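J.: Build me a model:
(2 chains)
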Amino acid sequence: MKISRIMSRRDMLRLSRSVSLGCCSLGLSVTACHKEVLEGNLLPFGLDDRPIIEGLTEAYSTLPFEAMEKAREGSYLTCKHLLNDIRDEQADVFGQISLALTILELGPLLSSNFGRFSELEPKMQSRFIEQWLIEGGFRSEIAYGIRPIFLFSLYEQPEIKRYLGMDQSTLSKSHSDQKGGHNESY
Amino acid sequence: MSHIDCSMSSLSVMDYSSLLNSYEKSLSNEQVHADVLIIGSGAGGAAAAFELSSVSGLNVVLVEAGSYVPVQRLTHDLGDMMNQLTWAKGNAGAQDGSLRVLQGRCVGGSTLLHMLSMTPISDRVLRRMVEDDGLSLMSPDTINPLVQTIKQVMNIKEIDRSLVNHNAEPWIRGCEELGYYWKLNERNSGSCIGSGRCHKGCPFGGKVSMDVSFVPRSINQGVRLYTETQIDKILMKDGRITGATATRRHPQTGEVLGTMGFKAPFVVLAAGALQTPALMLKSNLQSQFETVGSRVCVQPGINVLGLHPREIYGWRGVTNPIHIDEWIDEPGGAFFIEPGMLDASIIADYLPGAGEKHGKLMKQIKHLTAGQILYCDSGHANKVTLKNGKADLQFRLTQSDKKAIRFAMKKAAEILIQGGSKEVFIGQRTPLDLKYANDLTDIDRVSFEKGHFHWESVHIHGSCPMGHDPKKSVVDARGECHHVKNLYLADVSILPRAIRNNTTIPGATMGLLVGKMIKEVLAT
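T.: Coordinates of the predicted model:
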């Protein structure tokens, strides 16, 4: 299948200077990064730091310890660094999908902090996602891996959970409280 | 069968912890001698250890690849818990990502992660094992007393109706409107407060899993437990078991800390339906008929969500309070449904769309109710093999499976719509958004193309089945391997057919049963 480029490499690198990737694969939480997310400096993002070509479960079943440690120390892998390491064109598209997903997913929730990403035309974003992900187009293996990883890292953020009303920090000790405190029938 | 005293006298968690500390010190390069080596401390291994601990003077060693994670170290952080408690960070199963198997890797195994839905093998299925499979030991008369022991030790009781959470209510209403059978679950809960965190280990001590029931009782009766010790190979000489070699690894970094050797004339392998065949294959213990891993009942789960006009807060309360069993004997393909909702970070991937559309759905999470269809496949098309030195599940659906699953989806959607949901989402990547009963015909066009579904399995079983014919089974009726003397398998991998329910009680049942068989052999 032909890969059509919607985002040029130049655009990609331009974005990458203002995008840092935290380290997260399913099983890790980017707890060090969420403050920077709200301040608009960092997008939480799940990605193994190796090219994901040969089996996505391998990608998120190995633990990039070095990257995790770096993230916790406050330094991050950059998208530019990632692209330089990737030789295969397909993985390059994967990187584009990830960034586009990031922009679209976070935008509605935290749009005040992500004004610069709205520079991308929504039509271009939608078309990109429809083609490569929802329709299971180019790489269904990419759809397997990036979407659950990304959504996991996003919705594990405490601020996002509070935003949705799923915060359990005030967990009480009784069943009636746990049920929601009301007894309406359904 | 002899009576076993199941009362827990004075062993507290603190006592247990200090007992474990005796064995958690590095024992690298040590040779450990035992009469019986048990591999795996999940439902089957812990129960086998408990059974064998009643033999006076018997030297029993229990080995666990994962860590001991006490209640005090359990948190509500899903990523952290998957990291600490599971194989492959919660992503064991098919290495191509097509099906995820949630499998425990810790003292107590998957019983720390399960939703407390405790169902024994039904008498109906047991009778088929006796009549059709010729396995007289699987009769209700033999099995049910073992189940009673398990229920007593694990404090298994039916949940009170008043504790059913709001997530289950639309499902109940839909079933009652349509005349479909549902029942209250039996649960192994101690001091449950309904926190809804069952799937990440209960940090409130509300779950009576193996690590706080069968394992400490076994240790109290002299069983030695080695944790963070992964068996690399089971050893055999002249067709008989001699022991095993193992590697000790750091639980977080995986760094190799040392190696160990175990010498034992009897080995009980209870590492679960994926890891048991994988270890046999790694140890070159495949039979000449290639039966190890040759057939696996996956019981794939498909997640279904309903968007309700009222707020539900589905994640609150007891996670799996009921079972919908209307189709447990469906001739075209049996299935059951378990209402239950998990974290937003998991639910998010079950909803269609991306970007703003997806975000709008997630903002309505308080209105969502969720459940899982568990389809009872026969397993003949599935296989466990080794790939890159790790267990790999090859998962296939037959045409009749697909037809049956579509039927199950329609029923789940029908229940939710009747129960008041204004939209129903079936967890797949191409959007399937159902609003009215007439929309259910859209399900006929559902594609099972790879990648289109979130296949999950939490009840995998039957990968090394029990039977009389070595050409079709791995172990005999007593759990001993046909082609390796004194190697016993004692977990759900030996179940000879699809059991159509959850697997904790069946796993523990196999552990107790095989333990008793070994005791009889030792007595002679």
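
J.: Between its first and last residues, what's the separation in stretch B:99-116?
T.: In stretch B:99-116, first residue to last residue: 23 Å (Cα to Cα, to the nearest Å).

J.: average pLDDT for it?
T.: Averaged across stretch B:99-116, the pLDDT comes to 90.

J.: Please apply the same query to stretch B:219-229.
T.: Per-residue scores along stretch B:219-229 average to 92.

J.: how about the CA coordinates for that stretch, as PDB?
T.: Extracted C-alpha coordinates of stretch B:219-229, given in PDB (Å, rounded to 0.1, in the frame of the first residue of the first chain):
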ATOM      1  CA  ILE B 219       4.300 -22.400  54.800                       C
ATOM      2  CA  ASN B 220       2.900 -22.800  58.300                       C
ATOM      3  CA  GLN B 221       3.000 -26.600  57.700                       C
ATOM      4  CA  GLY B 222       6.600 -26.600  56.500                       C
ATOM      5  CA  VAL B 223       6.600 -25.800  52.800                       C
ATOM      6  CA  ARG B 224       9.500 -23.600  51.700                       C
ATOM      7  CA  LEU B 225       8.800 -20.800  49.200                       C
ATOM      8  CA  TYR B 226      11.400 -19.300  46.900                       C
ATOM      9  CA  THR B 227      10.300 -16.100  45.100                       C
ATOM     10  CA  GLU B 228      11.800 -14.200  42.200                       C
ATOM     11  CA  THR B 229      13.100 -17.600  41.000                       C
END
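
J.: Can you list the buried residues in it?
T.: Using 16 or more other Cβ atoms under 10 Å in any protein chain shown as the test for burial, stretch B:219-229 gives B:219-221, B:223-229. C-beta here means a position set from N, CA and C on the backbone, and glycine is covered the same way.

J.: Give me the distance between the residue nearest to the spatial centre of chain B and B:Ile499.
T.: Computing the C-alpha centroid of chain B and ranking residues by Cα atoms, centre = their mean puts B:His459 first, at 4.6 Å. To B:Ile499, B:His459 is 8 Å away according to Cβ to Cβ, to the nearest Å.

J.: B:Arg249 contacts B:Thr259, doesn't it?
T.: No - counting by Cβ atoms under 8 Å, B:Arg249 does not reach B:Thr259; the two are 10.3 Å apart.

J.: okay, the two: which has more neighbours?
T.: Taking other Cβ atoms under 10 Å in any protein chain shown, B:Arg249 and B:Thr259 do not tie; B:Arg249 has more neighbours (17 against 14).

J.: give the contact list for that one.
T.: By Cβ atoms under 8 Å, 6 or more residues apart in numbering or on different chains, the contact set of B:Arg249 is B:228, B:230, B:255-257.

J.: swap in B:Glu158?
T.: Shown in contact with B:Glu158 (Cβ under 8 Å, 6+ apart): B:184-187.

J.: Quick check: the gap between the nearest residue to B:Leu102 once chain neighbours are set aside and B:Pro120.
T.: Counting by Cβ to Cβ, 6 or more residues apart in numbering or on different chains, B:Val458 is the residue found nearest to B:Leu102 once chain neighbours are left out, at 5.1 Å. Going from B:Val458 to B:Pro120 by Cβ to Cβ gives 17 Å.

J.: quick one, which of these two is more surrounded?
T.: The residue with more neighbours, out of B:Val458 and B:Pro120, is B:Pro120; 25 against 22, by other Cβ under 10 Å.

J.: The more buried one and B:Val147 touch, don't they?
T.: Yes - assessed by Cβ under 8 Å, B:Pro120 is found in contact with B:Val147 at 4.5 Å.

J.: list the residues that contact both of those two?
T.: Contact criterion Cβ under 8 Å, 6+ apart; residues shared by B:Pro120 and B:Val147: B:505, B:509.

J.: Give me the pLDDT for the nearest residue to B:His380 once chain neighbours are set aside.
T.: For B:His380, ignoring the flanking residues on the chain, the nearest one in space by Cβ to Cβ, 6+ apart is B:Arg295 at 5.6 Å. Note on B:Arg295: pLDDT of 90.

J.: Point out where chain A drops to low pLDDT.
T.: For chain A, applying pLDDT under 70 flags the ranges A:1-154, A:156-160, A:167-186.

J.: The helix or strand containing B:Phe407 vs chain A: in contact?
T.: Per DSSP states H and E: B:Phe407 is located in helix B:399-418. No - residues of helix B:399-418 contacting chain A under Cβ under 8 Å from any Cβ of the partner chain: none, with a closest distance of 10.9 Å.

J.: Would you mark the buried spots in that helix?
T.: Neighbour-count burial for helix B:399-418, counted by 16+ other Cβ under 10 Å, picks out B:401, B:404-418.

J.: still on that earlier bit, from the buried residues of stretch B:219-229, which is closest to chain A?
T.: B:Glu228 (15.9 Å; Cβ to the nearest Cβ).

J.: Surely that closest one is in contact with B:Ala246?
T.: No - here B:Glu228 lies out of contact with B:Ala246, judged by Cβ under 8 Å, at a distance of 9.9 Å.

J.: What is the most widely separated pair among the buried residues of stretch B:219-229?
T.: Maximum pairwise distance among those (Cβ to Cβ): 22.8 Å, between B:Gln221 and B:Glu228.

J.: Span of stretch B:324-331 from start to end?
T.: In stretch B:324-331, first residue to last residue: 17 Å (Cα to Cα).

J.: Show residues contacting that stretch.
T.: B:124, B:171, B:175, B:180-183, B:334-339, B:376, B:404, B:407-408, B:411, B:415, B:500.

J.: Please pick the buried ones from the contacts of B:Glu158.
T.: Buried by 16+ other Cβ under 10 Å: B:185-187, out of those.

J.: wait, which of these is closest to B:Ala47?
T.: Out of those, the member with the shortest distance to B:Ala47 (by Cβ to Cβ) is B:Glu186, at 17.4 Å.

J.: So the closest residue to B:Thr75 other than its chain neighbours versus B:Thr369, what's the distance?
T.: Spatially, and ignoring its direct neighbours in sequence, B:Thr75 is nearest to B:Pro203 (6.2 Å; Cβ to Cβ, 6+ apart). Plainly put, B:Pro203 is 25 Å away from B:Thr369 if you go by Cβ to Cβ.
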